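> Provided below are the primary sequence and the corresponding predicted coordinates.
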Amino acid sequence: MNPVIPTIIAALWLMLPAYITNASAAFFGGKTPIDRGIYWGKNRLLGDGKTYEGLLKGFSCGFLFGILQHLVLSGYITITPSFGIFPFFLVTLFCLSAGAMIGDLLGSFMKRRLGLKRGTPLPLVDQLDFVGGAWLLLFLGARAWFIETFSLGIILAVIILTPVLHLFTNYIGFKIGKKTVPW
Ligand code: CTP
Ligand code: MG
């Protein structure tokens, strides 16, 4: 088999908890801004698009979905890498979903510091902030597993495929009225 295909499958499988986290936060949304409406300088600290409800629902959905993935398939066939052995896979999944939410917050924090209002596009940051956050937390909390599992090929696949998937799912989110802008 073309080695690119297994790499892509492994990349998507490994990042799925982070993808579900991000998509669920947007799908469920919320009302209570994490920054409580406060400003830093002329701009909001994070903005109304970052809420407690979105954060908690996003994290919970991604984390639980990861457990499901792990129970159903992880490690049984070589094409879907394992999230680790019990109980360590729980740490891995925590880092993936909590990291995704932290990365998303950092992305919005950066956008506000650049003076960009909520929903203004910032290419690459919008699509990859949550990936960066997930990888940062994995590097801090599950370093050996992260280095062993995320080959260069997988990392490249994630960086290339995530923006494409992100734009596609956000367009769907926009069409079903869950997002105010299609990015
Ligand atoms: N969301 C939320 N709480 C979070 C993260 C996301 O409620 N912690 C919801 C919000 O409804 C948000 C939507 O998910 O509007 C999409 O997230 P994102 O695209 O990151 O937010 P934007 O509204 O585009 O704002 P920003 O400019 O800060 O990225
Ligand atoms: Mg964002």
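Now that the structure is in, tell me what you want to look at. Ligands and ions are numbered 1, 2, ... in the order given.

> would you mind listing what in this protein touches ligand 1?
25-26, 29-30, 47, 49-51, 54-55, 101, 104, 108, 111, 118-120, 179 (CB under 6 Å from any ligand atom). Bear in mind the C-beta positions are built from the backbone N, C-alpha and C, glycine included.

> generate a PyMOL selection restricted to the buried subset of these.
A single PyMOL command is used to select the members of those judged buried by 16 or more other CB atoms under 10 Å:
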select buried, resi 25+26+30+47+49+50+51+54+55+101+104+108+111+118+179
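
> residues contacting the closest residue to ligand 1 within the chain?
The nearest approach of the chain to ligand 1 comes at Gly54, 2.2 Å away (CB to the nearest ligand atom). Gly54 makes contact with 25-26, 28-30, according to CB atoms under 8 Å, 6 or more residues apart in numbering.

> make sure it is indeed in a helix.
Yes: assessed with DSSP: H, G, I helix; E, B strand; the rest coil, Gly54 lies in a helix.

> could I get the pLDDT score of it?
Gly54 carries a pLDDT value of 98.

> wait, Arg112 sits on Asp48?
No: when contacts are counted by CB atoms under 8 Å, Arg112 is not listed as touching Asp48 (11.0 Å).

> and these two? Which one has more around it.
Legend: neighbour count by other CB atoms under 10 Å for Arg112 and Asp48, higher for Arg112 (23 against 16).
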